[in-house]
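1. This is a predicted model, with the sequence first.
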Amino acid sequence: MNVGIIRCDSHSVSCPAAGCLEAVREKNASFSSYPEVKLVGLDTCGGCDRGKADKITGKAERLKELGADAIHLGNCMVGPCPYKDTFSQAIEEVGLEVVHGTH
Ligand code: SF4
């Protein structure tokens with residue numbers, strides 16, 4: 001499975017994504033069900049921006065161009081983000097599977 005990860009822009013200031021990257025590398029947690037996993041890209045939501053989905057749609061489209069079949073939303077995003085449902089729908093409309101969580 002080719003995956004992209006999108007995480008919280010605010011959290012990315014202080015988080016080096018070590019937990020997300022380790023989960024991909026070790027193929028555990030949210031990636032454990034895939035026979036194979038390849039990370040095609042890691043990006044952020046682009047910021048709150050009043051919950052508009054334009055930025056995240058563009059980012060999902062770019063990850064799709066890079067070969068992603070699914071987008072994993074980082075734990076930092078699926079827990080606290082007030083816009084996660086809006087963003088999930090926008091990513092699905094790009095034609096990508098959305099998985100909530102990474103590690
Ligand atoms: S929109 Fe959600 S994921 Fe993005 S910076 Fe704001 S709280 Fe974080």
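-> Yep, that arrived.

2. Only C-alpha atoms from now on, for both contacts and neighbour counts.
-> Noted.

3. Model confidence for residue 36, exactly?
-> Among the per-residue scores, residue 36 shows a pLDDT of 97.

4. same question, residue 79
-> On the pLDDT scale, residue 79 gets 85.

5. Residue 91 too?
-> Residue 91 is assigned 98 on the pLDDT scale.

6. what's the neighbour count on it?
-> For residue 91, the neighbour count with other C-alpha atoms under 10 Å is 23.

7. Please apply the same query to residue 102.
-> 24.

8. What values do phi and psi take at it?
-> Dihedral pair for residue 102: phi -130, psi -50, per degrees, to the nearest 10.

9. Also residue 93?
-> The phi/psi pair for residue 93 (degrees, to the nearest 10) is phi -70, psi -20.

10. neighbours around it, how many?
-> Neighbours of residue 93 under the rule other C-alpha under 10 Å: 12.

11. For the ligand, see how far away it is.
-> Using C-alpha to the nearest ligand atom, to the nearest Å, residue 93 is found at 18 Å from the ligand.

12. Check residue 63 too.
-> Taking C-alpha to the nearest ligand atom, one finds residue 63 at 17 Å from the ligand.
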